[in-house]
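[1] could you look at this predicted model? Sequence included:
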Protein chains: 2
Amino acid sequence: MAAAVRLFAAKGFDATTVQEVVEAAEVTKGALYHYFDSKDDLLYEIYRTLIGRQMADLDRIVALDADPAATVRAIIVSLVETTASSVDETAVFMREMHRLDADLMATFRAERRRYHETFRAVVEQAQASGRFSSGVPAETTVLIALGVINQLPTWYRPDGPKSAPALGGEIADFVLAALRPADR
Amino acid sequence: MAAAVRLFAAKGFDATTVQEVVEAAEVTKGALYHYFDSKDDLLYEIYRTLIGRQMADLDRIVALDADPAATVRAIIVSLVETTASSVDETAVFMREMHRLDADLMATFRAERRRYHETFRAVVEQAQASGRFSSGVPAETTVLIALGVINQLPTWYRPDGPKSAPALGGEIADFVLAALRPADR
C-alpha cells in the first residue's frame, strides 16, 4: 500500500500499472492479488485503513462522554493529527476516488456519513441543552470543521512552522469560539 | 471550455482526447489550438476564468471599505455563490491540477495566494484595531473560511435544500461569531 501511494501520488492512478506496484513493493503479482482484488480495491484500502483509524478515534472520544467543548476539541485535534500524518494517502484518495466503482463508492460514502453524523450529533445535543449556541445549524458547523481538515493535504507540510497539534488546537479554538453561547 | 468540463468530469482529463473535445464543441482542431496551446492550457483556462471572476469580486468588496464584519460577510457570500455556480469547473480543476506543468502551476499558486492574502489582510487589520478577536491567527481563520468553500464542490447540489446565499450566510455567521471580541 505504501508503494502504491507513492506511485499514485507521483504518476497518477491511471498511469500506474499493477506491474509497477508489485515491482516497487518487491512482491509477486500473485501476492498482491491475494490481498487486493483489483487496482481499485488497492486504492480503496489505502483510504479505508485511514478512515477506520479515524472512526475508531471518534468512537473512543465520544464514549468518554466528556463535556461537549472538550469532546469537540478532542475530535478536531485527533482528526488533524491523523490527517496530517497521512497527507499523501488522503491527497491520492481524494483525487482518484471518482474512479471507484459504484459499490466501493457507496461504502466510502456510508463510512464518511457515519463519521459526519456522529460528530454532528455531539454538536446538536450541546445546542439542544444550551451549552453551544444554536446560531448556525450543527450540519453547517460540521461542514466548516471538516472542510478545513479535508483541505489540509493540499497545503500542510510536516516540516512547516506549525505542528499538527498546534494547528488542531487553533481550529478547535475557532470552532468553540463560534459555538460559545451569547451570554458567556 | 464547457464541452471540455463535461468530458473531463465524466471521463477524467487523461482519458479525454483533444479530438473528443473538438467533436463535442463542434469546432475544428485548428480553432481549438487558436485559443488554447494544449489540453493543459484548456484545463487551466477553465479555472482561470473562475478565479479571475472571484478575484475581481474580492477586489470590488474590499475597495468598498465597509466595516470589517460586512466585508468578511460579503467576501464569504460572494465566494460561496460563484463556487456553487461552478461546481463542475471547480471539481475538475481540483482533481486534475496536479497535472499542470510547472509554469501554469506557479501561476495558479500566485493567483490563489493573492486571494488568500487579500482576505487575510482584512482579518488582520480588524484584529489589530480590536474589532475582531485575535484568539486565532488570521491565517488559520482564512484557511477555515476557505476550506469549507473549497470543499463545497464535493457535496453541494444546486437542487439541494439550501440555496447558495443561505449557505454563504450561515458560514459568514459562524466565522463572524468566532471573530467576535470577548467583550461584545
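    Arrived safely, thanks for sending. Numbers count the residues shown, from 1 in each chain, chains lettered A, B, ... in the order given.
[2] from B:Pro153, how far out is A:Asn150?
    For A:Asn150, the distance to B:Pro153 equals 12 Å [Cβ to Cβ, to the nearest Å]. Where you see a C-beta, it was placed from the backbone N, CA and C, and this is true even at glycine.
[3] give me the common contacts of the two.
    Common neighbours of A:Asn150 and B:Pro153, counting by Cβ atoms under 8 Å, 6 or more residues apart in numbering or on different chains, are absent.
[4] and the worst-scoring helix or strand of chain A on mean pLDDT, anywhere near chain B?
    When the helices and strands of chain A are scored by mean pLDDT, DSSP states H and E, helix A:87-96 comes last with a mean of 84. Yes. Applying Cβ under 8 Å from any Cβ of the partner chain, one finds helix A:87-96 touching chain B at A:Arg95.
[5] how about that helix: buried residues?
    Buried residues in helix A:87-96, defined by neighbour count with 16 or more other Cβ atoms under 10 Å in any protein chain shown: A:87, A:89-96.
[6] which residues touch it?
    Defining contact as Cβ under 8 Å, 6+ apart, one finds that helix A:87-96 is touched by A:5-6, A:8-9, A:12-13, A:43, A:46-47, A:49-50, A:83, A:150, A:152-154, A:156, A:158, B:95, B:98.
[7] after it, which helix or strand is next?
    Next along the chain after helix A:87-96, taking DSSP states H and E as the criterion, comes helix A:102-128.
[8] which helix or strand lies directly C-terminal to that following helix?
    Next element after helix A:102-128 (DSSP H and E): helix A:138-151.
[9] tell me the angle that next one makes with helix A:102-128.
    Counting by axes from the mean of the first three to the mean of the last three Cα atoms, to 10 degrees, helix A:138-151 lies at 130 degrees to helix A:102-128.
[10] ok, and what's touching helix A:138-151?
    Defining contact as Cβ under 8 Å, 6+ apart, one finds that helix A:138-151 is touched by A:72, A:76, A:79-80, A:83, A:90, A:94, A:116, A:119-120, A:123-124, A:127, A:171, A:175, A:178-179, B:143-144, B:146-151, B:155, B:167, B:170-171, B:174.
[11] buried residues of the following helix or strand past it, list them for me.
    Per DSSP H and E, the first helix or strand lying C-terminal to helix A:138-151 is helix A:164-179. If you call a residue buried by 16+ other Cβ under 10 Å, then helix A:164-179 has these buried ones: A:164, A:167-179.
[12] can I get those in JSON lines including distance to chain B?
    As requested, the buried residues of helix A:164-179 are arranged in JSON lines below (distance: Cβ to the nearest Cβ, whole Å):
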{"residue": "A:Ala164", "distance to chain B": "13"}
{"residue": "A:Leu167", "distance to chain B": "7"}
{"residue": "A:Gly168", "distance to chain B": "10"}
{"residue": "A:Gly169", "distance to chain B": "9"}
{"residue": "A:Glu170", "distance to chain B": "4"}
{"residue": "A:Ile171", "distance to chain B": "6"}
{"residue": "A:Ala172", "distance to chain B": "9"}
{"residue": "A:Asp173", "distance to chain B": "5"}
{"residue": "A:Phe174", "distance to chain B": "4"}
{"residue": "A:Val175", "distance to chain B": "7"}
{"residue": "A:Leu176", "distance to chain B": "8"}
{"residue": "A:Ala177", "distance to chain B": "4"}
{"residue": "A:Ala178", "distance to chain B": "4"}
{"residue": "A:Leu179", "distance to chain B": "8"}
